[in-house]
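Participant: Based on what follows, work out the 3D shape:
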Amino acid sequence: MGAGSAPRFSQPVRQILMMLTVLGLVLAGGWFAYGRILPIFMANTWLNGLILGVFALGVLACFWQLGQLVRSVVWIEQFAARRRDAARPEGDPVAAPRLLAPL
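Facilitator: I've put the predicted structure just below:
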């Protein structure tokens, strides 16, 4: 990247597609194996339900963090655009996302 070139940031589209693909494959595998898995699941419903709940919570947490990353990329693109157009009067500055707080 040269001194005069603008920084470029990209949305994590490939990661979103990969996560949705893997989630779809896991759900499809569970759908096809449902008949064989159900008796095993029912052997200890509480423990297996807890395991399934923690898995679902982990998947939701991953998608939540990906959403934070998308919002951070949008914010940093807007920040870079404001820096490039320094002559333009600045509006109300938006607070940085929590993901970028350490920076």
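Participant: And N44, how close does it get to L52?
Facilitator: 12 Å (Cβ to Cβ, to the nearest Å). The C-beta positions use only the backbone N, C-alpha and C, and glycine is treated the same way.
Participant: try Q68
Facilitator: From Q68 to L52 the distance is 25 Å (Cβ to Cβ).
Participant: List the contacts of the one residue sitting closest to the centre of the chain.
Facilitator: By Cα atoms, centre = their mean, the chain has its centre lying nearest to L66, at 1.3 Å. By Cβ atoms under 8 Å, 6 or more residues apart in numbering, L66 lies in contact with P12, Q15, I16, M19.
Participant: between these, which is nearest G58?
Facilitator: For the contacts of L66, the residue nearest G58 by Cβ to Cβ is M19; the value is 11.8 Å.
Participant: quick check: mean pLDDT across the lengthiest helix in the chain?
Facilitator: Counting residues, the longest helix in the chain under DSSP state H turns out to be helix 45-84. For helix 45-84, the mean pLDDT works out to 89.
Participant: Can you mark which positions in that helix are buried?
Facilitator: Along helix 45-84, these residues count as buried under the neighbour rule (16 or more other Cβ atoms under 10 Å): L69, V70, S72, V73, W75, I76, E77, F79.
Participant: okay if I get the residues you listed as TSV plus distance to I37?
Facilitator: Shown next, in TSV, are the buried residues of helix 45-84 (distance: Cβ to Cβ, whole Å):
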residue	distance to I37
L69	33
V70	34
S72	38
V73	39
W75	43
I76	44
E77	44
F79	48
